[in-house]
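Peer 1: I'd like to go over a predicted model; first the sequence, then the structure.
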Amino acid sequence: MSGSKGPPRGAAKTRARVPHILHIHSTFSPGGKELRCVQLINAFGTKAQHTIVSAEPDQLGAAKRIRPGIAVTLQPEFPSLKGLPTPGRLQKLAKAMRDYDLVLTYNWGAMDAVMAHTLFSDAFRLPKLIHHEDGFDESELVKRKQRRTWFRRIALGKSSGLVVPSEVLEEIALVEWQQPLGRVKRIPNGIDTGAYAARPKDGAIPRLLKRPGEKWVGTLAGLRPVKNIPRLVRAFAAMPDDWHLIVCGEGPDRARIEAEIDRLELNDRVHLPGIVDDPAKAVGLFDIFALSSDSEQFPLSVVEAMAAGRPVVAPEIGDIARIVAEENLPYLAAAAEEEAIGEALVALANDAKLRDRIGKANRAKARAQFDADRMIATYRRLYSSAMHGFDL
């Protein structure tokens, strides 16, 4: 993985038949869209080289999971992705995209780059651009901002594809953003389901060992307001004393979560061990997987828990009800309230056979519908079709 310098002009063309792909992210800290991006980069291997730009230059932790030997330039000199979308600034963004074979953009934080591409693609003969939308930040949880809706409608005008993982987002793209049917591509997230079926390894979660007789509710989430972990802490408070809550992740909401743990005097049973390097080795340590988010679309962590054979407790938001097995549906909270989440947690905590039955059904559905091979093949076809003369 190379350092901060950008690629020399024409670099992509000097490597025989190896395309150079530019990834423009809102952030590249470990999260659903970032880890999917890493998953695809690893799958393409040496058939492509990559440059990754983040709107938050200090949030690049997902890059640690890119396999050695893959050509990656991380955070080169690049125009800022933040600021007013003035013609001069957008022109600078457009010029920075010229030396690549494909531009991939992700979420609202990269939308200025999408607008720049639409405005200047002909003038600068820019490569094709495919945009990815995985959900909304806190400012658009209840209602999409009209200004952003209009901006997306215009900005996406010359994109070669708009990829969404969920049916909910697909409808939003078609109806609210008025994107043509042929441009919108729904590709469900996928994982290596076989890796999650392996017996979990104690010690896979930093600074924690599961003691005999101890049971865990666990979650994998960035500690951001939209994930609303304090809600999960409150929902967990009614659980029996032999249950612990394990919150794996890092983020700006950590202090607020710790304050709620202190207020409820749950310090001995709620743990924040940080980021887990290999979720496949850790998720199986949970007896129940839980989410408490205000907004989700197609959370990869739910599929990971299913592949590990675990029941899921979560709000019925986004595509979660379509993801889990039918047996798991009664344990989704119709409203994102701690009382409903807490009741579902307690019901599963009191019935080991029920947890096992739901877990087996979830594992079977994950294997049948959400394995990574199908997802990777679909992305491979989509990206290759946008790059004339290159096959990933």
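Peer 2: Yep, that arrived. No experiment lies behind these values; they were computed from the predicted model shown.
Peer 1: Can you mark which positions in stretch 210-224 are buried?
Peer 2: Neighbour counts over stretch 210-224 (16 or more other Cβ atoms under 10 Å) mark 210, 215-224 as buried. To be clear about C-beta, it is placed using only N, CA and C from the backbone, and glycine gets the same treatment.
Peer 1: And it, end to end?
Peer 2: End-to-end span of stretch 210-224 (Cα to Cα, to the nearest Å): 26 Å.
Peer 1: where's that stretch relative to the chain centroid, distance-wise?
Peer 2: From the chain centre to the centre of stretch 210-224 is a distance of 20 Å (Cα atoms, centre = their mean, to the nearest Å).
Peer 1: can you redo the buried residues of stretch 210-224 as JSON lines with secondary structure and distance to Arg357?
Peer 2: As requested, the buried residues of stretch 210-224 are exported to JSON lines (DSSP: H, G, I helix; E, B strand; the rest coil; distance: Cβ to Cβ, whole Å):
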{"residue": "Lys210", "secondary structure": "coil", "distance to Arg357": "22"}
{"residue": "Lys215", "secondary structure": "strand", "distance to Arg357": "17"}
{"residue": "Trp216", "secondary structure": "strand", "distance to Arg357": "19"}
{"residue": "Val217", "secondary structure": "strand", "distance to Arg357": "18"}
{"residue": "Gly218", "secondary structure": "strand", "distance to Arg357": "19"}
{"residue": "Thr219", "secondary structure": "strand", "distance to Arg357": "22"}
{"residue": "Leu220", "secondary structure": "strand", "distance to Arg357": "23"}
{"residue": "Ala221", "secondary structure": "coil", "distance to Arg357": "26"}
{"residue": "Gly222", "secondary structure": "coil", "distance to Arg357": "31"}
{"residue": "Leu223", "secondary structure": "coil", "distance to Arg357": "32"}
{"residue": "Arg224", "secondary structure": "coil", "distance to Arg357": "33"}
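Peer 1: which residues of the stretch 101-250 of the chain fall in helices?
Peer 2: Assigned by DSSP state H, counting those that start in this stretch, the stretch 101-250 of the chain shows helices spanning 111-124, 146-155, 167-175, 193-197, 229-236.
Peer 1: For stretch 131-147, buried residues please.
Peer 2: 131-136, 141.
Peer 1: what's the span of it from first residue to last?
Peer 2: Span of stretch 131-147 from end to end, Cα to Cα: 19 Å.
Peer 1: residues making contact with that stretch?
Peer 2: Residues outside stretch 131-147 that contact it (Cβ atoms under 8 Å, 6 or more residues apart in numbering) are 32-33, 104-108, 110, 114, 148, 156, 159, 161-165, 169, 172-173, 176, 225-226, 294-298, 318.
Peer 1: any idea how far Glu176 lies from Glu296?
Peer 2: Counting by Cβ to Cβ, to the nearest Å, the separation of Glu176 from Glu296 is 18 Å.
Peer 1: correction: Thr86
Peer 2: Thr86 is 34 Å from Glu296, by Cβ to Cβ.
Peer 1: of the two, who's got more company?
Peer 2: Glu296 (25 against 10; other Cβ atoms under 10 Å).
Peer 1: Let's verify the spatially closest residue to the more buried one that is not a sequence neighbour: helix, strand, or coil?
Peer 2: Leaving out its chain neighbours, the residue that sits closest to Glu296 by Cβ to Cβ, 6 or more residues apart in numbering is Gly318, at 4.3 Å. The local conformation at Gly318, judged by DSSP: H, G, I helix; E, B strand; the rest coil, is coil.
Peer 1: Thank you kindly, that will do.
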